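Enquirer: I'd like to go over a predicted model; first the sequence, then the structure.
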Amino acid sequence: MALVNKPKKGKRKIRDSGEREIMDSRKAKTKDPSKVKRAKSNGSLAALPADLRGPDTEWWYAFLSKHAELHKDAESVPSDEEEAFRYFFRTSRRTFDYICSIVRDDLISRPPSGLINIEGRLLSVEKQVAIAMRRLASGDSQVSVGAAFGVGQSTVSQVTWRFIESMEERARHHLVWPDQERMEDIKARLEALSGLPNCCGAIDATHIIMTLPAVESSEDWCDPAKNYSMFLQGIVDDEMRFIDIVTGWPGSLPVSRLLKCSGFHKLCEAGKRLNGPVRVSGEDAEIREFIVGDMCYPLLPWLMTPYEAENLSAPMVNFNARQKTARMLGTRALARLKGSWRILHKVMWRPDKNKLPSIILVCCLLHNIILDCKDELLTGIQLPFHHDTGYKEENCKQENPSGKVMRETVTGHLPTFEAVLN
């Protein structure tokens with residue numbers, strides 16, 4: 001395992017282990033989707049084929065026809081065209097067009113000669129984005145995705161990676177740590193939801209399962225469920241939007257160790273994150289900013305976990321119920337992420353471990369873009385069960401003394417539940 005160096009402020013550190021982190025982004029501002037920053041093109045757009053310059057819609061109808069031909073006995077696709085589009089690509093056409101606008105200049109400025117369809121024409125930007133998003137959304141093989149679009153396996157591979165590279169660079173403003181003004185809104189909404197004062201979000205982690213060739217197989221990547229896997233840890237706000245992620249670490253790590261290895265932990269411990277205004281309890285005790293997590297995480301001054309004991313007092317039961325209400329946002333966000341972008345839910349066949357963190361990050365960006373564009377997923381896309389089935393629940397016994405005091409202060413500040421929240 002490579003040593004983790006202290007990350008520089010405002011940068012996303014890429015470590016030898018493949019870790020991807022969204023680091024301190026207070027200077028970054030969430031942009032209006034209609035005003036996305038474009039990359040500079042090296043060549044003239046006018047010199048390119050017409051089907052690369054303007055929006056292409058023919059690909060959609062050709063795809064529908066080909067899919068119907070290849071999957072005559074498959075599950076039915078929604079008859080409504082807009083719902084069918086969401087079914088295949090998870091977004092509305094409007095959000096899809098916005099995503100195309102993010103990557104368009106990158107895909108136009110460097111079109112490799114190999115990106116052609118069976119008619120010998122260069123693939124339009126829209127068709128390239130559709131191929132990549134279908135690959136991420138379905139998790140189907142490159143051969144299967146290529147057949148539906150009339151392209152070969154190598155083209156699917158090339159298109160998908162070009163899309164991921166562009167999104168990783170151009171869409172980063174969709175996954176940032178909130179500035180203080182936005183954080184105050186998040187805290188207010190979380191308090192209205194759960195009753196927890198000064199709560200900034202929920203944290204959870206999930207395994208991305210993969211197969212590895214024998215030469216790369218290692219106990220480092222073999223997790224407790226005997227799968228080879230990579231971790232994704234996410235912190236979400238009140239709308240289940242990712243505001244910090246860590247990935248690239250082997251699934252064999254305990255979750256508490258994953259947290260400690262993250263830049264987020266280092267920033268919190270250094271007083272550079274979750275360092276906003278304190279609240280004052282009825283007993284004049286200070287309640288600092290914090291997030292909530294399950295028992296697999298340690299109890300820290302800035303991370304509140306549930307009480308675990310028999311015969312809990314009524315205030316403790318009250319705290320646990322409210323904490324669970326906020327905490328489940330993280331669990332539901334990961335279930336929605338893996339349900340929407342099934343490439344993260346299915347077993348990946350021998351992925352490049354250096355590229356996998358980028359795929360995970362872009363799926364998180366797409367998750368956030370859907371929320372930022374006020375788009376909606378089709379009903380039933382989210383996984384109907386836990387995002388990490390087959391794994392036993394970890395129980396971290398670590399309790400920081402200051403964390404215990406903080407939890408007691410929050411517990412004493414809470415009003416009594418009239419009804420326990422589920």
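Expert: Received it, and whenever you're ready, just let me know what you need. Numbers count the residues shown, from 1 in each chain.

Enquirer: middle-most residue in this protein, spatially?
Expert: Cys364 (2.7 Å; Cα atoms, centre = their mean).

Enquirer: Hmm, that one is touching Ile243, no?
Expert: No. Using Cβ atoms under 8 Å, Cys364 is not in contact with Ile243, being 10.3 Å away. Every C-beta, even on glycine, is put in place using the N, C-alpha and C of the backbone.

Enquirer: Where is the longest helix in the protein?
Expert: Secondary structure of the chain read by DSSP state H shows that its longest helix is helix 314-340.

Enquirer: Please compute how far that helix lies from its chain's middle.
Expert: Centroid separation between helix 314-340 and its chain, computed with Cα atoms, centre = their mean, to the nearest Å, is 17 Å.

Enquirer: Then stretch 88-105?
Expert: For stretch 88-105, the distance to the chain centre is 17 Å (Cα atoms, centre = their mean).

Enquirer: State the next helix or strand along the chain beyond the lowest-mean-pLDDT helix or strand in the chain.
Expert: For the chain, the helix or strand with the lowest mean confidence is helix 50-53, at a mean of 44 (criterion: mean pLDDT, DSSP states H and E). Next helix or strand after helix 50-53 toward the C-terminus (DSSP states H and E): helix 58-70.

Enquirer: Might you report the residue contacts of Gln128?
Expert: By Cβ atoms under 8 Å, 6 or more residues apart in numbering, Gln128 lies in contact with 107, 115, 159, 162-163.

Enquirer: Farthest-apart pair in those residues, please.
Expert: Spatially, the most separated pair among these is Leu115 and Phe163, at 11.5 Å (Cβ to Cβ).

Enquirer: So for those two, which sits in the more crowded spot?
Expert: Phe163 (25 against 21; other Cβ atoms under 10 Å).

Enquirer: any idea of the pLDDT on the closest residue to Cys364 other than its chain neighbours?
Expert: Excluding its sequence neighbours, the residue lying closest to Cys364 (Cβ to Cβ, 6 or more residues apart in numbering) is Phe242, at 4.9 Å. As predicted, Phe242 sits at a pLDDT of 98.

Enquirer: Relative to Val410, how far out is Phe242?
Expert: 24 Å (Cβ to Cβ, to the nearest Å).

Enquirer: same thing with His174?
Expert: 31 Å.

Enquirer: Low-confidence stretches in the stretch 1-150 of the chain?
Expert: Of all residues in the stretch 1-150 of the chain, those with pLDDT under 70 make up the ranges 1-55, 73-75, 110-121.

Enquirer: how far does stretch 244-262 stretch from start to finish?
Expert: 10 Å (Cα to Cα, to the nearest Å).

Enquirer: go on, stretch 379-393?
Expert: End residues of stretch 379-393 are separated by 28 Å (Cα to Cα).

Enquirer: Stretch 337-355 too?
Expert: Taking Cα to Cα as the criterion, the two ends of stretch 337-355 lie 19 Å apart.

Enquirer: Distance from it to the middle of the chain?
Expert: Using Cα atoms, centre = their mean, the offset of stretch 337-355 from its chain centre is 12 Å.

Enquirer: What of stretch 370-389?
Expert: 11 Å.

Enquirer: cool, stretch 394-407 as well?
Expert: The answer for stretch 394-407 is 27 Å, by Cα atoms, centre = their mean.

Enquirer: helices or strands next to whichever helix or strand comes after the longest helix of the chain in the packing?
Expert: Note on helix 314-340: by DSSP H and E, the next helix or strand toward the C-terminus is strand 348-349. The contact analysis (3 or more Cβ pairs under 8 Å, 6 or more residues apart in numbering; DSSP states H and E) places strand 348-349 against strand 199-211.

Enquirer: Indicate each strand paired with the strand it packs on and its parallel or antiparallel sense.
Expert: Sheet pairing of strand 199-211 (DSSP bridges) gives strand 228-236 (antiparallel), strand 290-292 (parallel), strand 348-349 (parallel).

Enquirer: what's the average pLDDT for it?
Expert: 96.

Enquirer: mind saving the C-alpha coords of that strand as PDB?
Expert: Only the C-alpha atoms of strand 199-211 are listed here, as PDB (Å, rounded to 0.1, in the frame of the first residue of the first chain):
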ATOM      1  CA  CYS A 199     -25.600  18.100  10.900                       C
ATOM      2  CA  CYS A 200     -23.800  18.600   7.600                       C
ATOM      3  CA  GLY A 201     -24.400  15.200   5.900                       C
ATOM      4  CA  ALA A 202     -24.200  11.400   6.000                       C
ATOM      5  CA  ILE A 203     -21.300   9.100   5.200                       C
ATOM      6  CA  ASP A 204     -21.400   5.500   3.900                       C
ATOM      7  CA  ALA A 205     -19.200   3.200   1.900                       C
ATOM      8  CA  THR A 206     -19.700   0.400  -0.600                       C
ATOM      9  CA  HIS A 207     -17.700  -2.200  -2.500                       C
ATOM     10  CA  ILE A 208     -17.300  -2.100  -6.300                       C
ATOM     11  CA  ILE A 209     -16.700  -5.800  -7.100                       C
ATOM     12  CA  MET A 210     -14.400  -7.000  -9.900                       C
ATOM     13  CA  THR A 211     -12.600 -10.000 -11.200                       C
END
